[in-house]
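**Q** the sequence and its predicted three-dimensional model are supplied below.
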Amino acid sequence: MVASTSLNVVPEDPTAYKTKEYWEQRYQQESPDTTFDWFKTHEELKPLFQGCIPHKDASILILGCGNSTLGEDMYRDGYKNITNIDYSGTVIENMKKRCEDMPDMKWLEMDIRALEFENESFDIIIDKGTMDALMCDRGDVWDPSEELVAEVKKEVDEVERVLKVGGSFIYITFGQPHFRKRHLVRDCWQVKTQTLGDAFHYFFYSMQKEKPSTPSS
């Protein structure tokens, strides 16, 4: 595997991160063996995951998987029931080929704002930097636009819908609580935050669903 270090993947306009076109073009230009991990690797996150994921048989959904090694590393660590989704068809096909030796793992092209799963389908849902891409905006970070708030709400509403009661939503980001927590608050869970890192802090949000979702009006 080859880690992506090229500055060519960084768009001049950061709002490009919100578009499917940017990711399709990026993954079409990169080798199928290229990997890129936002924030931390599974090995670094493992102690935190162990506190949220009750058993290795848990059904896990990874949102916006990209070409991160997270799913592969978790699979090798014994988590076999993993579904990875991304709205780039190119990266999904690349990852299917790269992980041919992991037949139980699923790779699906899908939008995180419109999940094609039944209600309460997963024990664990993980977002490692994916929501951050939706938040790439030129507006005021203290006063996000109505469009941005609506887009993020779609993701979190879908997570709430397909997460089982008793299951956990895990979100890893550089986004500080005063910027992120407002988007995560729901009646069915409490938002717990851990601050990690030394020179550069990152944040591990965990939310355990305590009751069924309230149907949207």
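**A** Noted; the coordinates are in hand.

**Q** next, the buried residues of the longest helix along the chain.
**A** For the chain, the helix that runs over the most residues, judged by DSSP state H, is helix 146-162. Across helix 146-162, burial judged by 16 or more other CB atoms under 10 Å covers 148, 151-152, 154-156, 158-162. In short, each C-beta sits where N, CA and C put it, glycine included.

**Q** by contact count, what packs against that helix?
**A** Packing partners of helix 146-162 (3 or more CB pairs under 8 Å, 6 or more residues apart in numbering; DSSP states H and E): strand 60-63, strand 122-128, helix 130-134, helix 177-184.

**Q** contacts for the longest one, please.
**A** Just to be clear, that refers to helix 177-184. Applying CB atoms under 8 Å, 6 or more residues apart in numbering, the external contacts of helix 177-184 come out as 131, 141-142, 149, 152-153, 156, 171, 173, 191, 193, 203, 205, 207.

**Q** check the second one too.
**A** Residues from elsewhere that reach strand 122-128 (CB under 8 Å, 6+ apart): 37-40, 52-54, 58-64, 68, 70, 83, 112, 155, 159, 162-164, 166-173.

**Q** secondary structure element for V91?
**A** helix 89-98 (DSSP states H and E).

**Q** and that helix, average pLDDT?
**A** For helix 89-98, mean pLDDT is 95.

**Q** and if you look at stretch 24-37?
**A** Confidence for stretch 24-37, expressed as mean pLDDT, is 86.
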